[in-house]
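Trainee: the following comprises the amino acid sequence and a computationally predicted model.
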Amino acid sequence: MAATRRLVNTVAVITINHPPVNALSSSVRHALVEEFGKASKDPTVEAIVLNGSNGKFSAGADIREFGTSAIKTVSLEDINGTIEASQKPVVAAIEGIALGGGLELALACHYRVADIQSRVGLPEVLIGILPAAGGTQRLPRLIGIPAALDVIVRGRHIPATEALNLGIVDEVVQGSAVDAAIQLAQKVIGLPLNKRRLSTLRISSNLNMEDFLDTTVEKTKKQFRGAQAPMACIEAVRASVLLPYHRGVEKERQLFLSLWATGQPQAQQYAFFSEREAAKWSHPSGARWYSEEPKLVRTAAVIGLGTMGRGIVISLSKANIPVIAIEQDAYQLEMGKKAVNSLLEREAEKLKQQGFSPGSKLASVHFTLAFGELQDVDLVIEAVYENMELKKEIFRKLSSVCKSNAFLCTNTSGLNIDEIASVTDRPNQVIGTHFFSPANIMKLLEVVRGQQTSLTTIATAMNLGKILGKVTVLVGNCPLFVGNRMLGPYLEQASYLLEEGCYPETVDRAMEEFGFAMGPFRMMDLAGLDVGWRSRTEKGLTGANVPQGTPARKRLGNRYSPLADLLCESGRFGQKTGKGWYQYEKPGGRTARPDPWVKDFLQKYRKTHQIKQQPSNQEQIVERCVYALANEGFRILEDGIASCPEDIDVIYNNGYGWPKYRGGPMYYASFVGLPKVFNTLEKYYKANADVPSMKPAFLLKKLAAVGGPPIKEWRLQVGKPVNKL
Ligand SMILES: CC(C)(COP(=O)(O)OP(=O)(O)OC[C@H]1O[C@@H](n2cnc3c(N)ncnc32)[C@H](O)[C@@H]1OP(=O)(O)O)[C@@H](O)C(=O)NCCC(=O)NCCSC(=O)/C=C/CCCCCCCCCCCCC(=O)O
């Protein structure tokens, strides 16, 4: 039964029963109508409590129903209307989560009691839609416009204690929310309900509402560049101010339908499910996530307390895993300790505000210089800087110090996992854990399996990612793995665009208007241009090891852009030196301003090399950069480095500032149409045979030839992965 009913004295307790998260599918909605109908008519029932089974109120509408006919049967808003109009008091007992339609349902109840561990929220905006079961009309009437906008437009999950302060719930309890709701229900039997019917309330405010909403629109446009849902949310809330409830609800529905027509909800919902699918990893051997048991990680160690190491320590501590943090000398240790402790203090403060005792949530961090102290830890994450020899030296030491069943992880953004594993006594227990900076904030974790990494090691690292609250994706080992490998052709195109007449700010603007959080040049300035320069020098692409007589713009017969090398030779390493592709207010400054020096430098460069100026327009810039990125994604699939296109999209959505409302680079290629992507790349490659990265990938060609099947069918075409290492 999708909903059940039992009687406690004169209170009917109706329980939503649709595991795992009590999504409000069409069968649940039908069952709710039926059970409410029966409870309303039953003369022995004087009040009603609504809850969810298995300690979860509800995660909202069943997202899988959007775009199907099921969503059109029994409207949730109609159910909400019936509940609100009930002559018998209805109390929502919120345990675990009341999200989206789940909270909208609770808002239709006359009272809300929440368990202290629960979270409520209207996260629809994160999947490209708006709360369209009356949520945008009831919440502002309950908590006022500014607070409601914050909840609806940001879509964040609100802890119970904050929900109480905001007035979203009436009571927060430590024990059973259902028992407390039953008690409350009994207490309010016979009391008038009019003031508890949110749709009937008027919105009162001292604010100049139109000005306030207009300012919010401007701020939101900047913050969520290109995303339609946040704007629709504001318009729906505006309707709650201007229109009576029933007309506000009509507006809400209209906005839902126009959002649906943009294609953004479909992309965001694809992204939502792809993130969940990524956790269900598969291995070329055929092993799957459910066939392997992860080992428990009770204690961990982090080697290196630079920016990455610090973030990893915080993540572990927040996941309640005690950490030993190691540095190479007393000074570095002290610096690391100060930074970690100050971040932990901030976390403790946040917990206190949420009503938790920090001691119960943050595990201890022990700082030391002694490797010997690692003998009992279950797992080590090495996070020193990217240098193979240094990493190998550390893994040799770890091999001799750590207990034989300890797992050894390396936080690298592209070094060979097998080479690192080869110096240890347990290559099967070595795995890559590529965190993104700042590691305590960024959601993505690329877990990189080596040739010898065991399935238990993979299961343990993937499970650790989940415990740390990361979106974790398993990938194969190749230079730069998935995310960074795809950046290569993308950045290459960005540099060629400069050679041909564009400026950093034109390329960045085009990519940012496309929706990227940051254009390629601002991103390089942030990451530091010296990182890539060092790597190209080691590979002999620049510097003293380039063979005499090599043309400036060719390497191994292919086109090469030395622009970034030339910038580094002038000491321009990006933000850290105050100059890179842009100028900054000071070294370490964040505000990028176009630099006349760069303009002059590019003009001279083009003249020296007699490059015909053909500045590309915005559409061409986006096409070249994004198709180059996706093309490398197809190669990654051919190589079996990513097991499906969805994994690649999850990586880009969560680690590289890709606009989620465009689904990810592979989804976008599919959306544009694979034949079009193929033809554009083919045309470019025919005219530029010295740019091999633009040669359409074989898989792309194969998929385009059959008309570009839906993304979930690509896997069938990939065939058996070929390891090209
Ligand atoms: C916090 C979570 C709830 C739980 O997190 P966690 O414990 O980590 O577990 P997960 O792995 O995330 O999830 C477990 C499984 O559950 C699946 N899941 C989760 N939530 C949903 C859901 N809401 N629907 C379906 N399935 C869900 C998840 O995929 C996992 O499955 P599996 O095990 O991998 O198979 C977390 O999951 C979370 O945050 N969930 C999402 C919460 C959310 O976003 N809620 C809002 C949903 S949208 C909503 O509620 C909207 C309400 C208003 C609807 C009004 C409709 C109006 C229609 C108008 C007109 C209709 C015309 C339509 C257009 C047309 O077709 O023409």
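Mentor: Happy to help now that I have it. Residues are numbered from 1 along each chain as shown.
Trainee: any idea how far residue 632 is from residue 178?
Mentor: 53 Å (C-beta to C-beta, to the nearest Å). (Each C-beta comes from the backbone N, C-alpha and C, glycine too.)
Trainee: wait, I meant residue 58
Mentor: 41 Å.
Trainee: which of those two has more residues huddled nearby?
Mentor: residue 58 (30 against 23; other C-beta atoms under 10 Å).
Trainee: give the burial count for the residue lying closest to that one once chain neighbours are set aside, as a bare number.
Mentor: Distances taken as C-beta to C-beta, 6 or more residues apart in numbering put residue 102 closest to residue 58, at 3.1 Å, once the chain neighbours are dropped. By other C-beta under 10 Å, 30 other residues sit near residue 102.
Trainee: cool, and residue 28?
Mentor: 25.
Trainee: give me the residues contacting whichever strand or helix holds it.
Mentor: Of the helices and strands defined by DSSP states H and E, residue 28 is found in helix 26-41. Residues from elsewhere that reach helix 26-41, judged by C-beta atoms under 8 Å, 6 or more residues apart in numbering: 1-5, 12, 14, 16, 18, 22, 24, 45, 48, 62, 65, 70-71, 73-76, 79, 82-83, 86-88.
Trainee: mean confidence score for the helix or strand just after it?
Mentor: Remark: after helix 26-41, the chain's next helix or strand is strand 47-52, criterion DSSP H and E. Strand 47-52 comes out with an average pLDDT of 98.
Trainee: SS state for the closest residue to the ligand within the stretch 601-725 of the chain?
Mentor: Closest to the ligand within the stretch 601-725 of the chain is residue 646: 12.2 Å, counting by C-beta to the nearest ligand atom. Secondary structure state of residue 646, per DSSP: H, G, I helix; E, B strand; the rest coil, is helix.
Trainee: and it, what does it touch?
Mentor: Contacts of residue 646 (C-beta under 8 Å, 6+ apart): 270, 274, 277, 278, 664, 666, 711, 712.
Trainee: at 10 Å what do you get?
Mentor: 270-271, 273-278, 473, 663-664, 666-667, 711-712, 714-715 (C-beta atoms under 10 Å, 6 or more residues apart in numbering).
Trainee: and the ligand, which of those reach it?
Mentor: Contacts with the ligand within the contacts of residue 646, as defined by C-beta under 6 Å from any ligand atom: 273, 276.
Trainee: so which of the contacts of residue 646 sit within strands?
Mentor: residue 473 (DSSP state E).
Trainee: which elements pack onto the helix or strand hosting the residue nearest to residue 58?
Mentor: In this structure, residue 102 sits in helix 101-108 according to DSSP H and E. Secondary-structure packing of helix 101-108 (3 or more C-beta pairs under 10 Å, 6 or more residues apart in numbering; DSSP states H and E): helix 26-41, strand 47-52, helix 76-85, strand 90-94, strand 97-99, strand 111-115, strand 119-121, helix 135-143.
Trainee: okay, stretch 352-359 in PDB with CA atoms only?
Mentor: Provided in PDB are the C-alpha atoms of stretch 352-359 (Å, rounded to 0.1, in the frame of the first residue of the first chain):
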ATOM      1  CA  LYS A 352      26.300  24.800  17.300                       C
ATOM      2  CA  GLN A 353      23.900  27.000  15.300                       C
ATOM      3  CA  GLN A 354      22.200  23.900  14.100                       C
ATOM      4  CA  GLY A 355      21.700  22.700  17.700                       C
ATOM      5  CA  PHE A 356      24.400  20.000  17.600                       C
ATOM      6  CA  SER A 357      27.300  19.500  19.900                       C
ATOM      7  CA  PRO A 358      30.400  19.700  17.700                       C
ATOM      8  CA  GLY A 359      32.100  17.000  19.700                       C
END
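Trainee: hang on, residue 635 in a helix?
Mentor: Yes - secondary structure assignment places residue 635 in a helix (three-state DSSP).
Trainee: against residue 488, how distant is it?
Mentor: From residue 635 to residue 488 the distance is 11 Å (C-beta to C-beta).
Trainee: cool, residue 661 as well?
Mentor: 25 Å.
Trainee: repeat for residue 608
Mentor: 25 Å.
Trainee: ok, those two, which is more surrounded?
Mentor: Set side by side, residue 608 and residue 488 show more neighbours around residue 488, with 16 against 9, by other C-beta under 10 Å.
Trainee: how is the chain partitioned into domains?
Mentor: Domains of the chain are assigned by automatic domain parsing as 3-262, 300-475, 501-608, 618-724.
Trainee: the residue of the stretch 451-600 of the chain found nearest the ligand: what's it in contact with?
Mentor: At 8.0 Å from the ligand, residue 466 is the closest residue in the stretch 451-600 of the chain, using C-beta to the nearest ligand atom. Going by C-beta under 10 Å, 6+ apart, residue 466 touches 279, 294, 319, 445, 472.
Trainee: cool, and residue 93?
Mentor: Counting by C-beta under 10 Å, 6+ apart, residue 93 has contacts 13, 15, 49-52, 57, 106, 109, 111-115, 118, 173, 176-182, 184-185.
Trainee: what is the burial count for residue 685?
Mentor: For residue 685, using other C-beta under 10 Å, the count is 17.
Trainee: buried ones in the host helix or strand of residue 309, by neighbour count?
Mentor: Secondary structure assigned from DSSP H and E places residue 309 in helix 307-318. Using 16 or more other C-beta atoms under 10 Å as the test for burial, helix 307-318 gives 308, 309, 310, 311, 312, 313, 314, 315, 316, 317, 318.
Trainee: export only the CA atoms of that helix, formatted as CSV.
Mentor: The C-alpha coordinates for helix 307-318 follow below in CSV (Å, rounded to 0.1, in the frame of the first residue of the first chain):
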residue,chain,number,x,y,z
THR,A,307,45.6,23.5,0.5
MET,A,308,44.5,20.1,-0.7
GLY,A,309,45.6,18.2,2.4
ARG,A,310,43.9,20.7,4.7
GLY,A,311,40.6,20.3,2.9
ILE,A,312,40.8,16.6,3.0
VAL,A,313,41.5,16.6,6.8
ILE,A,314,38.4,18.8,7.3
SER,A,315,36.3,16.4,5.1
LEU,A,316,37.4,13.4,7.1
SER,A,317,36.9,15.1,10.5
LYS,A,318,33.4,16.2,9.4
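Trainee: show me what from this structure comes close to the ligand.
Mentor: Checking the chain against the ligand by C-beta under 6 Å from any ligand atom, the hits are 20-21, 23, 59-64, 67, 71-72, 76, 97, 99-101, 123-124, 127, 131-133, 253, 256, 260, 273, 276.
Trainee: buried subset of these?
Mentor: By 16+ other C-beta under 10 Å, the residues of the chain next to the ligand give 21, 23, 59-63, 71, 76, 97, 99-101, 123-124, 127, 131-133, 253, 256 as buried.
Trainee: run the chain-centre distance for stretch 246-260.
Mentor: 27 Å (C-alpha atoms, centre = their mean, to the nearest Å).
Trainee: grab the nearest non-local neighbour of residue 476.
Mentor: Spatial nearest neighbour of residue 476, chain neighbours left out: residue 641 (4.0 Å); criterion: C-beta to C-beta, 6+ apart.
Trainee: helix, strand or coil for the one you found?
Mentor: Per three-state DSSP, residue 641 ends up coil.
Trainee: my guess is it meets residue 484, correct?
Mentor: No - applying C-beta atoms under 10 Å as the test, residue 641 and residue 484 come out as separate, 11.7 Å apart.
Trainee: the more surrounded of these two?
Mentor: Taking neighbours as other C-beta under 10 Å, residue 641 and residue 484 compare with residue 641 leading, 24 against 16.
Trainee: which residues does residue 298 contact?
Mentor: Per C-beta under 10 Å, 6+ apart, neighbours of residue 298: 321, 322, 363, 376, 377, 378, 379.
Trainee: in a markdown table: those, plus neighbour count and secondary structure.
Mentor: Output for the contacts of residue 298, formatted as a markdown table (neighbours: other C-beta atoms under 10 Å; DSSP: H, G, I helix; E, B strand; the rest coil):
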| residue | neighbour count | secondary structure |
| --- | --- | --- |
| 321 | 20 | coil |
| 322 | 16 | coil |
| 363 | 17 | coil |
| 376 | 12 | helix |
| 377 | 23 | coil |
| 378 | 19 | coil |
| 379 | 26 | strand |
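Trainee: that concludes my questions; thank you for your assistance.
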